[in-house]
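Enquirer: sequence and predicted model, in that order:
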Amino acid sequence: MGKRCVMTTSLSLLLLLFLQTLKYVHASFLCYGDFSTANYSVNRDNLLSSLPTNVINNGGFYNASLGRDSGDNRVHVVALCRRGYEDQACKACLEHVIKDTKEQCPHQKETFSWVTHEPNDVSCSLRYTNHSTFGKLELSPFTINPNPNDISSIIKNMTLFSQEWTAMVNRTLEVASTAETSSVLKYYNATRTDFTEISDDVYALMQCTPDLSPSDCKRCLGECVTEFQRQFWGRQGGGVGRPSCYFRWDLFPFYKAFDNVTRVLAPPLPPPTEVSSTTTLHCGRDKKDFGGRNIAIIVVPAIINLFIFVGLICSWKRKSSHTGIKESSQSMVRFDLGTILTATHGFSPEKKLGQGGFGTVYKGILPSGQEIAVKRLTKGSGQGDMEFKNEVLLLTRLQHRNLVKLLGFCNE
């Protein structure tokens, strides 16, 4: 069994502990693995000596290896800066993280870091190992660093905050994991979002190493978000770093990443609702362009079935006894407009899935994480309130393998 240790420094005290797993943790900085040999250290230092210059000369991302495979002396290095970096800022960040690596973990064979100890540095990443990691998704080990303060001290409506936070994270992740082929640093996104109950904006940043596939990048970032929610949901920010990706959000800008980021406004709050004695809820009309429009929500993935259900309904009306459609006593769920606006990012054109004669279909994600399709009926579609209600009542009683499931509706 190889020798491993945990190393921490407190004043003049240096403590060495030999354990099953070697880890040194500070912020999003992690060193691990067996002790390196003298030849391994020489090869590592040779690669690191020219690393900042090589990263800049190669568009912000660089990977290389040095040494012989025999004797376990070969070192593999991957380094990058965030998209939109300035050459000098990138170089300074990498020089700082290299200095941290040599000081904190001089004898370990593996390390990764997404930040430095310098408060004015931009975001950069350094990783070296004794085996090739290029093109491979690696989720462990990971670091997690929460803000010590609770968000409940400044938030009254945690349900609304959760909805807005989920929408922000989903929006950031969707763009970050979509490969931007015009840049070497193809997996990156920084967002600045207005929240209803927070006076200043909320900031989020995500980045993957560009050697990953889009699906691996999305998975890695999703694991970071899930881990933060699992361990530290309710804090005023935090970061999670993995060998292949990094996620951080806070109530203040960081890493000089948000100077040119467009602010995303919070979705409008839904109008107050009044519940009548009947099962029909009248929610009022939106003052801008939601008046007279009704929304039905259905489950993805069978979006295409939306375009055939009209034909099935007509057939059912003519000959319901021969269609194979069953009736059930499903209950309906009424969604408020605010939930739907959050799920679809305010009916963003980027979420549009298709359009028919009665309206437009948008993709959305509920606060629970469930993917949905939202059919938004438009004025002039020929379908009034009565026709809409009849259609909803009919769909709640229909079950068929060629029909998607109706979750609920909104008629604000």
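Expert: Looks like it came in fine.
Enquirer: domain parsing for this structure?
Expert: Per the record, the chain has its domains at 5-134, 146-264, 274-410, by automatic domain parsing.
Enquirer: out of these, which comes closest to residue 140?
Expert: Ranking the domains of the chain by proximity to residue 140 (C-beta to C-beta) places domain 146-264 first, at 7.1 Å. Where C-beta positions appear, they are placed from N, C-alpha and C, glycine not excepted.
Enquirer: can you give me the mean pLDDT across that closest one?
Expert: Averaging pLDDT along domain 146-264 yields 93.
Enquirer: quote the end-to-end distance of it.
Expert: Domain 146-264 has an end-to-end distance of 24 Å (C-alpha to C-alpha, to the nearest Å).
Enquirer: and if you look at stretch 389-405?
Expert: First-to-last residue span, stretch 389-405, C-alpha to C-alpha: 17 Å.
Enquirer: export the domains of the chain as TSV, with columns for mean neighbour count and distance to residue 140.
Expert: Output for the domains of the chain, formatted as TSV (neighbours: other C-beta atoms under 10 Å; distance: least, C-beta to C-beta, whole Å):
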stretch	mean neighbour count	distance to residue 140
domain 5-134	18	10
domain 146-264	19	7
domain 274-410	15	23
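Enquirer: got the phi and psi for residue 75?
Expert: Main-chain dihedrals, residue 75, degrees, to the nearest 10: phi -110, psi 130.
Enquirer: quick check: beta-bridge partners of it?
Expert: Beta-bridge partners of residue 75, counted by DSSP bridges, are residue 66.
Enquirer: what residues are up against it?
Expert: 40, 43-44, 47, 65-67, 128-130 (C-beta atoms under 8 Å, 6 or more residues apart in numbering).
Enquirer: could you measure from the residue nearest the centre of the chain over to residue 333?
Expert: For the chain, the residue nearest the mean C-alpha position is residue 173 (3.1 Å; C-alpha atoms, centre = their mean). Taking C-beta to C-beta, to the nearest Å as the measure, residue 173 falls 26 Å from residue 333.
Enquirer: residue 211 too?
Expert: Distance from residue 211 to residue 333, by C-beta to C-beta: 44 Å.
Enquirer: and stretch 340-353, how far apart are its ends?
Expert: Terminal-residue distance, stretch 340-353 (C-alpha to C-alpha): 15 Å.
Enquirer: do stretch 345-352 as well
Expert: Start and end residues of stretch 345-352 are separated by 11 Å (C-alpha to C-alpha).
Enquirer: and stretch 58-69, by the same measure?
Expert: Taking C-alpha to C-alpha, the first and last residues of stretch 58-69 lie 26 Å apart.
Enquirer: then stretch 43-59?
Expert: For stretch 43-59, the separation between the terminal residues is 24 Å (C-alpha to C-alpha).
Enquirer: list the contacts of it.
Expert: 36, 61-62, 64-67, 73-75, 77, 79-81, 87, 90-91, 94-95, 98, 101-102, 126, 128, 183-185.
Enquirer: mind showing which ranges of the protein have poor pLDDT?
Expert: Residue ranges of the chain with pLDDT under 70: 1-29, 70-71, 116-117, 119, 267-332, 357, 368, 379-385, 396-403.
Enquirer: name the helix or strand for residue 220, please.
Expert: Using DSSP states H and E, residue 220 sits in helix 214-232.
Enquirer: for the helix or strand following that helix, what is the distance to the chain centroid?
Expert: Per DSSP H and E, the first helix or strand lying C-terminal to helix 214-232 is strand 237-242. Centroid separation for strand 237-242 versus its chain: 12 Å, with C-alpha atoms, centre = their mean, to the nearest Å.
Enquirer: what lines up beside the very next helix or strand once past strand 237-242 in the sheet?
Expert: Per DSSP H and E, the first helix or strand lying C-terminal to strand 237-242 is strand 245-250. Strand pairing for strand 245-250, using DSSP bridges, gives strand 202-208 (antiparallel), strand 237-242 (antiparallel).
Enquirer: tell me the SS of residue 190?
Expert: Here residue 190 takes the strand state, with states given by DSSP: H, G, I helix; E, B strand; the rest coil.
Enquirer: that one bridge partners, please.
Expert: Beta bridges link residue 190 to residue 205, judged by DSSP bridges.
Enquirer: ok, and the closest non-adjacent residue to residue 343?
Expert: Nearest residue to residue 343, sequence neighbours excluded (C-beta to C-beta, 6 or more residues apart in numbering): residue 364, at 3.4 Å.
Enquirer: in this structure, which spans are helices?
Expert: For the chain, applying DSSP state H gives helices covering 38-49, 51-57, 87-104, 158-176, 214-232, 309-319, 337-343, 385-396.
Enquirer: what about those, which gets the closest to residue 137?
Expert: When these are compared for distance to residue 137 using C-beta to C-beta, the nearest one is helix 214-232, at 4.0 Å.
Enquirer: packing partners for the closest one?
Expert: In terms of contacts (3 or more C-beta pairs under 8 Å, 6 or more residues apart in numbering; DSSP states H and E), helix 214-232 is packed against strand 143-146, helix 158-176, strand 202-208, strand 237-242, strand 245-250.
Enquirer: now do the third one against helix 158-176, angle only.
Expert: Spelled out, that is strand 202-208. On the basis of axes from the mean of the first three to the mean of the last three C-alpha atoms, to 10 degrees, strand 202-208 is oriented at 40 degrees to helix 158-176.
Enquirer: picking up where we left off before, the inter-axis angle of the helix holding residue 220 versus strand 237-242?
Expert: Counting by the same axes, to 10 degrees, helix 214-232 points 130 degrees away from the direction of strand 237-242.
Enquirer: identify the residues contacting helix 214-232?
Expert: Residues outside helix 214-232 that contact it (C-beta under 8 Å, 6+ apart) are 137, 139, 142, 144, 146, 169, 173, 176-179, 187, 206, 208, 212, 238, 240-242, 244-247.
Enquirer: related to what we said a few turns ago, isn't the residue nearest to the centre of the chain up against residue 207?
Expert: No. With contact defined as C-beta atoms under 8 Å, residue 173 does not count as touching residue 207 (11.1 Å).
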